[in-house]
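S.K.: no sequence on this one, just coordinates:
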């Protein structure tokens, strides 16, 4: 069977092969010519197409071909010497571009505004790199997640007038995350980065910002954008668990192991009633679990490492290690404790942390309540109020 | 019980043999010994090399092994170690631990016991002490880097032949009864670590785990077989043996690279501390002048 | 399916099953590895070759420790079922790879055809006396693509030379 | 209109008549909806035999295996929909390209079967000759070199075991250059 | 259809002559028709001269598929031999080597010979590369001649032979325009017409003619008439035809236009003499370059090439010595 399949496949491919060579010309025609710069990017379909879990996901533009990369093909073509030259030239370009952005430029920076309660700062894109325990000064154990901000740059700003915000109050800021080789990317995608003058990125995402918090494309964002003691919301895609039963998916109790149970230990039990004679929509049943986008809100930032650009965020964050997440200023308690929040947010760098203005920060910024590992061990005071 | 069984089977001591260029330790020349001292036998311990505590070695096959994360975690561990002295100790050593406790009278608590288990890695590393007080067995699991720990003292440095000594729970009480006023036994750092090779006699079942199925050296197997095991359990014993495991090369864990990274980080930390001191001294001198 | 060693351990995915349970798996692989040591190039199913590759490479690592090493000899004794090959392992293969570190084997997949309907593969030790299975690389320096890129490179080098000359003057 | 109504009434009356006759045992019962392999009709099969006819469903199943059989013929459209669904068709392979060596089609990530066969043939010959040198049946510990008729042996190869080949070296024979590629990787 | 053609062709010829004689405007389309008629006529005449079919023995020497063919003298070409071997030979062969000398794929064989085929992927593809570069220049000429409106009469001046390492091939063209700076879109449309030409899979036909006939053929192009005198080799001149475009060259050329994969017209700039120099770059179908690499090459090819071009040959010789040493 397999053999006949191959034979048929070969026959089919022979036809398509000749077709390919004939049509390759047209493909190449598009490819060779410098097409006009297109500002809109063709929408790609997202990975999941499940009916129940279909949610508006960000556009997935970076689709590498894992089987055999363009770089491999190129390396087969060129001598090692020439290939090395090409790769070096990319590196140099990247460096020169990044350096050019860091030094003062001819064109003037964008106007800066003071923070107002209506302002909304941008978030950052970060990578989840792991979890570890930490302790407060009262000896309470915390579990923190480490989020690293890697080569996060502003790519473009869509002003309020052009954005699709119905209230016309917020603009869009596109951020890129983790520089990568251009071999993996399409020409169309690369053109966006050429405009901003930054090296191409693996992941891009959009953030809504208020008008006064707009940042010039090309500006790097650091972990110091957030400060210890602040609360953030983290947006990520949860780990795909596949098709799961009700006990794992919805935390049902299951049914007893013995006492006359037949094949009903992990099943949901009754799902309908005699009254309406059908299963109501929305009933909790087995199905695909995970692989959906989730917000985890109100996570405290305990510590910020400015050297490696790491945020130490309280608790858990959706997604795998090495997965990307979006980190925002938290919107919780906005109405309840508005006054307190305003005091807090007003002290943050606005619209973001600029290295030249604030000067060099300390390597580690700690929250006041957090135990530092340099400090001596914790001592609890006795009732008499003296230390032992 | 079932939960413990899972932990036991998953623990890396049981499944992953450490390779680290010291796998073939028995016949290896002493000069080529690796820095992994936890795995070396007495005769080959090279004192010129540094001791690396086992929690520095990340377990094999971490989901995503990020060098930055490991570096940050190690830096914190080394910072804590520069404040309190965490000595070299093994499973089988007798330790005395002093911790701050808000609920204890005098706000401090001291406990003495034999270390039966070490677990976790990085900042989350733990060790478990066991003792019998007034005929009641007590085990306390300490977090090694918990800031409430004030002192960890090794009363008697010794090393068990087994990766853990949880079987002491089912052993006669004399093996885990330790006097709280035990005098510390001095150990010459140049001498090899003494091996704890007592064969423990177990109490009659029920047990915490089916010890006849686990190949642990510290259990008196002959006594167990003659006194405690029924014919049914004896028959099942051989069924659970896995003699091929030591030849399945895929389960080996080469830790040489990890050890090198750890040593590099240690060096980095020392340099950073030295530089900080020098700058502080300079600043002081300037102030004086 | 095993993607890499890291992934294997990470997700608790078991090794590829080869039939007959765990001990039998090693027995099958022992036969494949022994055949590989004898012939230096063997043809077998893809699953067996892919699994045996790891063990064949690890075996060389052990053989490099020398035939006076008891641990290495023990491993070699287990993995090589035909004992006349043990001297070959220590005296031929180990010196051949003495200066190298890492991958000692190559694995090629064979296409499924009308004659060969199974998913087969060829496993070989590098440096064997047989004709090479790898296609000769076609990236000749005289090909047009390379000449064009070399032109780029020469321009760049010339520019660098000029820059170097200018710098001391400035 | 009237004729069709008449026809319906006629059929209905016929049905009633047959049912009545069946009730009195004057008409054979209808055939089963399930086909019975190995037996034309339960009653026809037992007519010729002298055995007393067993009654009831259990007797019907005794010694006969019932199989589900289609009651209606499936239309062509239905059948083709099922059999020729796009998911069931063989997908054409997109990763075929001509072998740079011999020009026959090969798949990416696989060896060219045309080139492999001639290399395999040569490998077998070399392997056979190696076997002939090992007269005692034990594997030799020397490295092996193949020398063709138009080749000379280098200095470094003199200490090795030389396999002599009577013919000229084929153009596709390249030595395994593992040293060079090792350095680059 | 043929009747219709027989009616139209003479009339067109009359129109051309009448118009030209009556100093009316000459368009490229009419001139092309005129040249093709002469070319066809001459080709038919030469083929008619082969009175008797004689057989020759052609030995294919190569690493793969050796063999001997019995072919027709003065009729069979290396391309026909390739068709006997396999499809890949017809697809991938650029040139043939007849008794060690480069030979066009469409040039009839004249005697018993040893035949081998050259591809771009071979270890020493120098001859193939050269022929590819000059064939691309010819395609560029064809593009320039057909791309402009009828109001502009394009006269092709000369295709300079540049080494490949220069990263471009050029064609000097007299457009009869002044101060024309083409936009990027213009360049793109030119590239597109080259690509469509490639997709038609046109063979490069070769014809040796008398200089007087060549002069008659190029009578509407003053530059080409001057070139004819330079190109006389042994009393004969070689013409090449691709599709409907006819040019004069020594050759040899590659077999088909489908051997091109990427073709970009990088830039056009005005020379001091009033001519325009068209610069372009191309890549054979066998190769792969990523778009980012290709853009670098196009950028390099768009730099105006001016001044003394006699050094070009020096570069070429340097390149050859280097490759031979390597």
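M.R.: Received, thanks. These numbers come from a predicted model, not from an experiment.

S.K.: CA atoms for contacts and neighbours, from now on please.
M.R.: Fine.

S.K.: which residues touch the residue nearest the centre of chain C?
M.R.: Nearest to the centroid of the C-alpha atoms of chain C, with distances taken as C-alpha atoms, centre = their mean, sits residue C:105, at 2.5 Å. Counting by C-alpha atoms under 8 Å, 6 or more residues apart in numbering or on different chains, residue C:105 touches C:53, C:56, C:57, C:123, C:124, C:125, C:126.

S.K.: now, among those, which is nearest to chain E?
M.R.: Nearest to chain E among those: residue C:126, at 25.5 Å, using C-alpha to the nearest C-alpha.

S.K.: does that closest one touch residue C:104 like I think?
M.R.: Yes: in this structure, residue C:126 is within contact of residue C:104 by C-alpha atoms under 8 Å, at 5.9 Å.

S.K.: tell me how far the ends of stretch A:180-194 are from each other?
M.R.: End-to-end distance of stretch A:180-194 (C-alpha to C-alpha, to the nearest Å): 14 Å.

S.K.: could you list the low-confidence segments of chain D?
M.R.: Applying pLDDT under 70 to chain D picks out residues D:1-2, D:28-64, D:176-185.

S.K.: kindly report the domain assignment for it.
M.R.: For chain D, the structural domains run D:2-61, D:96-184, going by automatic domain parsing.

S.K.: returning to that earlier point: inside helices: which ones of the contacts of residue C:105?
M.R.: If you go by DSSP state H, these have C:53, C:56, C:57 in helices.

S.K.: can I get those residues in a markdown table including neighbour count?
M.R.: Converted to a markdown table, these look like this (neighbours: other C-alpha atoms under 10 Å in any protein chain shown):
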| residue | neighbour count |
| --- | --- |
| C:53 | 23 |
| C:56 | 26 |
| C:57 | 18 |
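
S.K.: okay, helices next: where are they in chain C?
M.R.: For chain C, applying DSSP H gives helices covering C:5-10, C:21-39, C:46-63, C:70-79, C:86-88, C:94-96, C:144-169.

S.K.: for residue A:288, phi and psi?
M.R.: Torsion angles at residue A:288 (phi, psi; degrees, to the nearest 10) stand at phi -70, psi 140.

S.K.: swap in residue D:168?
M.R.: Per-residue torsions, residue D:168: phi -80, psi 160 (degrees, to the nearest 10).

S.K.: measure how buried it is and give me the count.
M.R.: 11 (other C-alpha atoms under 10 Å in any protein chain shown).

S.K.: name the nearest residue to it, ignoring sequence neighbours.
M.R.: residue D:149 (5.2 Å; C-alpha to C-alpha, 6 or more residues apart in numbering or on different chains).

S.K.: how near is that neighbour to residue D:167?
M.R.: For residue D:149, the distance to residue D:167 equals 5 Å [C-alpha to C-alpha].

S.K.: sorry, back to before: who's the residue nearest to the centre of chain C bridged to?
M.R.: Counting by DSSP bridges, residue C:105 is bridged to residue C:125.

S.K.: from residue C:49, how far out is it?
M.R.: As judged by C-alpha to C-alpha, residue C:105 and residue C:49 stand 10 Å apart.

S.K.: who touches both of the two?
M.R.: Common neighbours of residue C:105 and residue C:49 (criterion: C-alpha under 8 Å, 6+ apart): residue C:123.

S.K.: is residue B:114 in a helix, a strand, or coil?
M.R.: Following DSSP: H, G, I helix; E, B strand; the rest coil, the label given to residue B:114 is strand.

S.K.: got a list of what it touches?
M.R.: Counting by C-alpha under 8 Å, 6+ apart, residue B:114 touches B:91, B:92, B:93, B:94, B:95, B:129, B:130, B:131, B:176, B:178.

S.K.: closest to residue C:35 among the residues you listed?
M.R.: Proximity of the contacts of residue B:114 to residue C:35 (C-alpha to C-alpha) peaks at residue B:91, which lies at 43.8 Å.

S.K.: run a quick neighbour tally on the closest residue to residue C:49 other than its chain neighbours.
M.R.: In space, residue C:49 comes closest to residue C:123 once its chain neighbours are excluded; the distance is 6.1 Å by C-alpha to C-alpha, 6+ apart. Per other C-alpha under 10 Å, the neighbour tally for residue C:123 reads 27.

S.K.: from memory residue C:123 sits against residue C:53, does it?
M.R.: Yes: in this structure, residue C:123 is within contact of residue C:53 by C-alpha under 8 Å, at 7.4 Å.

S.K.: can you give me the strands in the stretch 51-200 of chain A?
M.R.: Using DSSP state E, counting those that start in this stretch, the strands of the stretch 51-200 of chain A run over residues A:124-135, A:141-148, A:152-158, A:170-179.

S.K.: could you dump these to a markdown table with mean neighbour count and distance to chain D?
M.R.: Putting the strands of the stretch 51-200 of chain A into a markdown table (neighbours: other C-alpha atoms under 10 Å in any protein chain shown; distance: least, C-alpha to the nearest C-alpha, whole Å) gives the following:
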| stretch | mean neighbour count | distance to chain D |
| --- | --- | --- |
| strand A:124-135 | 23 | 29 |
| strand A:141-148 | 22 | 30 |
| strand A:152-158 | 24 | 31 |
| strand A:170-179 | 22 | 24 |
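
S.K.: could you redo those strands as TSV and give each row distance to residue E:75 and mean pLDDT?
M.R.: Shown next, in TSV, are the strands of the stretch 51-200 of chain A (distance: least, C-alpha to C-alpha, whole Å; pLDDT from 0 to 100):
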stretch	distance to residue E:75	mean pLDDT
strand A:124-135	70	95
strand A:141-148	73	96
strand A:152-158	64	92
strand A:170-179	61	91
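
S.K.: just tell me which of those ends up closest to chain E.
M.R.: strand A:170-179 (16.0 Å).

S.K.: so which other helices or strands are in contact with the closest one?
M.R.: Identification of packing neighbours for strand A:170-179 by 3 or more C-alpha pairs under 8 Å, 6 or more residues apart in numbering or on different chains; DSSP states H and E yields strand A:124-135, strand A:152-158, strand A:201-210.

S.K.: mind putting those strands into a markdown table with distance to residue A:332?
M.R.: A markdown table is the format used below for the helices and strands packed on strand A:170-179 (distance: least, C-alpha to C-alpha, whole Å):
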| stretch | distance to residue A:332 |
| --- | --- |
| strand A:124-135 | 18 |
| strand A:152-158 | 25 |
| strand A:201-210 | 17 |
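
S.K.: which residues in chain D form strands?
M.R.: For chain D, the strands defined by DSSP state E occupy D:96-98, D:105-107, D:144-147, D:161-164.

S.K.: hmm, the last one in reach of chain C?
M.R.: I take that to be strand D:161-164. No: applying C-alpha under 8 Å from any C-alpha of the partner chain, one finds strand D:161-164 out of contact with chain C, separated by at least 9.4 Å.

S.K.: packing partners for that strand?
M.R.: Applying 3+ C-alpha pairs under 8 Å, 6+ apart, one finds that strand D:161-164 contacts helix D:113-133, strand D:144-147.

S.K.: wait, doesn't residue A:295 sit right on residue A:234?
M.R.: Yes: the pair residue A:295 / residue A:234 is scored as a contact, 5.5 Å apart, by C-alpha under 8 Å.

S.K.: so these two - more neighbours on which side?
M.R.: Remark: of residue A:295 and residue A:234, residue A:234 carries more neighbours, 25 against 16, as counted by other C-alpha under 10 Å.

S.K.: for the more buried one, which residues are in contact?
M.R.: Going by C-alpha under 8 Å, 6+ apart, residue A:234 touches A:295, A:296, A:297, A:299, A:317, A:318, A:325, A:326, A:327, A:328.

S.K.: just the residues you listed: which are in strands?
M.R.: Those of the contacts of residue A:234 lying in strands (DSSP E): A:295, A:296, A:297, A:299, A:325, A:326, A:327, A:328.

S.K.: give me the pLDDT value at residue 98.
M.R.: All of this refers to chain A. Predicted confidence (pLDDT) for residue A:98: 65.

S.K.: try chain B instead
M.R.: Looking at residue B:98, the pLDDT reads 96.
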